[in-house]
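> Sequence and predicted structure below; questions after.
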Amino acid sequence: MRIDAHQHYWKITRGDYGWITPELPILYRDFLPGDLEPLLREERLDGSILVQAAPTIDESRYLLELADQDPSALGVVGWLDLLDPEHRTHYDELSRHAKFAGFRLMIQDMPDVSRILEPAFVEALRSYADEEVPVDLLLTANQMKTVLELLRQVPHLRGVIDHLAKPDIRRQAFEPWASRLSDLAQFPNLYAKISGLVTEGDREHGQMDDFVPYIRHALRVFGPERVLFGSDWPVCLLAASYGQVADILLRALPEEWGEREKALLFGGNAKTFYKLK
């Protein structure tokens, strides 16, 4: 099964997508299953993992409702705030849905990233790790050190780093991102999504080869069994088409990678990580 492990849907009139404004005209419209269907078909993909794009439980409910009507939505990654005393109640509600595949922590948007090291946060995350709940981690390169500290306290977390922690490809900054990604890869239950990179590059003067060192480093340190392809559609449209995102990844693959490794990257690992039936 070939799977896009990271894409979004949204309906602007719902009102909880504060980051999508008229100043982003490419994104400031509804994106729904009918828009994605031909793209999946063109890339010979069987379905996708639908990931939350708003920090609300209501949006997670909305995505689960969409997934009920969309056979290509293989799983839904909802939103959870572990600093909210009601996080377990929200989790219990969402997890009753057959297509609920885990939740995402939007660390990227936290004004003070050190809050993820507070005892209540660590204790909550440890409880989900004990249950092997898949957790997406959305963070930026300058937050990697703090996330490493968190994982040392929750080393058994079943987690995936979204967008390779957003390296600064625009400035071709490789370190300390690369060393910290290597450190993260030491946690055996942690995966990495090769996703969201095109919007981190130079949108005016960048070249496809700009992404190669970052992709190959991630593939090397995580290995073929712990990497997932994700389009980050429709956010990727700010910099590249759906097909171009897939082409960039294919061009960056090591020459020694065969069909087995490609099958894991383009679906097998997503099926394993998200426990898809």
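Ah, there it is. Numbers count the residues shown, from 1 in each chain.
> any weak-confidence spans in the stretch 101-250 of the chain?
Scanning the stretch 101-250 of the chain for pLDDT under 70 picks out the ranges 206.
> What are the boundaries of the strands in it?
Using DSSP state E, counting those that start in this stretch, the strands of the stretch 101-250 of the chain run over 135-137, 159-161, 190-194, 227-229.
> Format the ones you listed as JSON lines; extra columns: distance to Gly201 and mean neighbour count.
The C-beta positions use only the backbone N, C-alpha and C, and glycine is treated the same way. Converted to JSON lines, the strands of the stretch 101-250 of the chain look like this (distance: least, CB to CB, whole Å; neighbours: other CB atoms under 10 Å):
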{"stretch": "strand 135-137", "distance to Gly201": "21", "mean neighbour count": "25"}
{"stretch": "strand 159-161", "distance to Gly201": "18", "mean neighbour count": "27"}
{"stretch": "strand 190-194", "distance to Gly201": "14", "mean neighbour count": "25"}
{"stretch": "strand 227-229", "distance to Gly201": "17", "mean neighbour count": "27"}
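> Looking at the ones you listed, which is nearest to Glu37?
strand 227-229 (18.0 Å; CB to CB).
> Now do the closest one: which elements does it pack against?
When contacts are defined as 3 or more CB pairs under 8 Å, 6 or more residues apart in numbering; DSSP states H and E, strand 227-229 packs onto strand 3-7, strand 190-194, helix 269-273.
> how far out from the middle of the chain is it?
In terms of CA atoms, centre = their mean, to the nearest Å, the centre of strand 227-229 is set 9 Å apart from its chain centre.
> what residues does that strand touch?
3-6, 160, 191-195, 218-219, 246, 249, 264-267, 269-270, 273 (CB atoms under 8 Å, 6 or more residues apart in numbering).
> And stretch 34-51, by the same measure?
Residues contacting stretch 34-51 (CB under 8 Å, 6+ apart): 1-9, 63, 66-67, 71-77, 101, 104, 136, 162, 230-231, 233-234, 242-243, 246, 266-267, 270, 274.
> Give me the buried entries from those.
2-9, 63, 66-67, 72-77, 101, 104, 136, 162, 230-231, 233-234, 242, 246, 266-267, 270, 274 (16 or more other CB atoms under 10 Å).
> ok so, going back, any chance of the strands of the stretch 101-250 of the chain in CSV, plus distance to Pro213?
Rendered in CSV, the data for these read as follows (distance: least, CB to CB, whole Å):
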stretch, distance to Pro213
strand 135-137, 22
strand 159-161, 17
strand 190-194, 13
strand 227-229, 15
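> Which one of those strands lies nearest to Leu82?
strand 135-137 (9.7 Å).
> I'd like to know which elements that closest one is packed against.
Applying 3+ CB pairs under 8 Å, 6+ apart, we find strand 135-137 packed against strand 100-105, helix 119-130, strand 159-161.
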